[in-house]
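Chemist: Curious how this folds, go ahead:
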Amino acid sequence: QVQLVESGGGLVQTGGSLRLSCAASGRTFSSYIMGWFRRAPGKEREFVAGIRWSGTSTYNADSVKGRFTISRDNAKNTVYLQMNSLKPEDTAVYYCAAARDRRGPILVTATLYDYWGQGTQVTVSS
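Modeler: Residues are numbered from 1 along each chain as shown. The predicted structure follows:
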C-alpha cells in the first residue's frame, strides 16, 4: 500500500522559512516523479515543484522560483520542500504527490499524479 505522509507545516511570519517533508513508502519510487502542490482557500490546486527520483531534474512554478527548493533523500525515501522568504499568499494546504515518470518535462498537471498525501497546512502571517 502506497503511503505519502507530509509533515513540517505550521504558522510562520512573512519572510520566514519552513521545510516540508514527504515520507514515501509502499513501493519503489525510482521511476516516479514527486511533486508538491498546494491549495489555498477558494482557489484551485496548483503545482509548486517537482523532482525525479532518479537524476537531478527539478522544476519550480514561477510563483516560487528563487524562494522554494525541492530535494530528495533516496536513502530515506523522503522528498523535501524548503520554503524561504514566505509570503502571505503562500498560505495553503500543501500536498505531496507521486506520478509514474514519463519522458519529457516534470509533470505539472495534478490529474497525472497517481498517489497523494493527506496534506499539511502552511500559514504565513503578515
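
Chemist: What strand or helix carries the residue most central in space within the chain?
Modeler: The residue at the geometric middle of the chain, judged as the C-alpha nearest the mean C-alpha position with CA atoms, centre = their mean, is Trp36 (2.0 Å). Following DSSP states H and E, one finds Trp36 within strand 32-39.

Chemist: Who are the packing partners of that strand?
Modeler: With contacts taken as 3 or more CB pairs under 8 Å, 6 or more residues apart in numbering; DSSP states H and E, strand 32-39 sits against strand 18-25, strand 46-52, strand 68-73, strand 78-83, strand 92-100. Where you see a C-beta, it was placed from the backbone N, CA and C, and this is true even at glycine.

Chemist: between those, which one is nearest to Tyr59?
Modeler: strand 46-52 (5.1 Å; CB to CB).

Chemist: what separates the closest one from the chain centre, distance-wise?
Modeler: Using CA atoms, centre = their mean, to the nearest Å, we find the averaged C-alpha position of strand 46-52 to lie 6 Å away from the chain's own average C-alpha position.

Chemist: TSV for the helices and strands packed on strand 32-39, including distance to Thr58, mean pLDDT and mean neighbour count?
Modeler: Compiled in TSV, the helices and strands packed on strand 32-39 are given as follows (distance: least, CB to CB, whole Å; pLDDT from 0 to 100; neighbours: other CB atoms under 10 Å):
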stretch	distance to Thr58	mean pLDDT	mean neighbour count
strand 18-25	14	97	19
strand 46-52	5	96	22
strand 68-73	5	95	18
strand 78-83	11	97	22
strand 92-100	14	96	21
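
Chemist: May I see those strands arranged in JSON lines, with distance to Gly9 as well?
Modeler: Rendered in JSON lines, the data for the helices and strands packed on strand 32-39 read as follows (distance: least, CB to CB, whole Å):
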{"stretch": "strand 18-25", "distance to Gly9": "6"}
{"stretch": "strand 46-52", "distance to Gly9": "13"}
{"stretch": "strand 68-73", "distance to Gly9": "14"}
{"stretch": "strand 78-83", "distance to Gly9": "10"}
{"stretch": "strand 92-100", "distance to Gly9": "6"}
